[in-house]
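K.L.:
with the sequence up front, the predicted model follows.
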Amino acid sequence: MIRCIIVDDEPLALEILASHIAQFPQLQLIRRCRNALEAFDAIHTQQTDLVFLDIQMPSITGLDFVRSLKQPPMIVFTTAYAEHALTGFELDAVDYLLKPITFERFSKAIDKLLKIKQPDAEATKTYTYFKVAGNLVKINHDDLLLAQSVKDYVHLKTKQGNHLTHMTMKNLEALLPVDTFMRVHRSYLVNRQAITLLGRQHLEVGDERVPIGENYRVGL
């Protein structure tokens, strides 16, 4: 699953792109952003693989926004102005869509993106090594139930026991397959298959009660 956000100050443009995204089961829209500030918050609080990004926006352009990111996710520019196309591709954009964006043109962009993403390659990896107390510990993804950040560390709860590793939650997200694990709170990431109860304010993984952050509900 490719988790994406839309960044555009035009409500109609947001609606059109959301409608196009809904036609692709490989895409999951996790947030609609009206400006770069909201997009910055989304990217740094939620696992974001893809951004549909307008160029002409208040305060900061989409081009400058991408330049401000240390590790930008995949970008598809959406704009009414063709003259920025070269700059857009120089920023390693996957594609550059001119408004009004037809579904046919949108589909071509997604086909191109899926070839780049190569989800089959990701799916073949079933484990990750973590540094624990000076050793590398192999944890199968099926055995990892949830993770909780504790300051500069992440507490990993598995079927066999618990481990503490020095890592940020964002780095952990980058290591794990997005179709198996999901961020549900600033401090929590869970294995989708391990969820035993899903409520509005919290979920449960076995006997562990996990809060659901407001910014993460849309992804559930």
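P.N.:
Alright, I've got the coordinates. Keep in mind the model is a prediction, meaning the values are calculated, not measured.
K.L.:
domain ranges for the protein, per the record?
P.N.:
2-117, 127-211 (the TED database).
K.L.:
now distance to residue 217, mean neighbour count and mean pLDDT too, for those, in CSV please.
P.N.:
C-beta: built from backbone N, CA, C; applies to glycine. Below are the domains of the chain laid out as CSV (distance: least, Cβ to Cβ, whole Å; neighbours: other Cβ atoms under 10 Å; pLDDT from 0 to 100):
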stretch, distance to residue 217, mean neighbour count, mean pLDDT
domain 2-117, 10, 17, 91
domain 127-211, 8, 15, 90
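K.L.:
residue furthest from the geometric center of this protein?
P.N.:
residue 134 (30.1 Å; Cα atoms, centre = their mean).
K.L.:
state the distance from it to residue 99.
P.N.:
54 Å (Cβ to Cβ, to the nearest Å).
K.L.:
tell me which residue is most central in the protein.
P.N.:
residue 48 (2.1 Å).
K.L.:
ok, now which ones touch the residue lying closest to it once chain neighbours are set aside?
P.N.:
Nearest non-adjacent residue to residue 48, counting by Cβ to Cβ, 6 or more residues apart in numbering: residue 73, 4.9 Å away. Residue 73 is in contact with 43, 48, 49, 50, 51, counting by Cβ atoms under 8 Å, 6 or more residues apart in numbering.
K.L.:
quick one, helices of this protein?
P.N.:
11-21, 36-45, 62-68, 85-90, 103-117, 119-123, 169-175 (DSSP state H).
K.L.:
out of these, which comes closest to residue 187?
P.N.:
Minimum separation from residue 187 across these (Cβ to Cβ) falls at helix 169-175, 7.0 Å.
K.L.:
in terms of secondary structure, what does the closest one contact?
P.N.:
strand 144-150, strand 181-185, strand 188-191 (3 or more Cβ pairs under 8 Å, 6 or more residues apart in numbering; DSSP states H and E).
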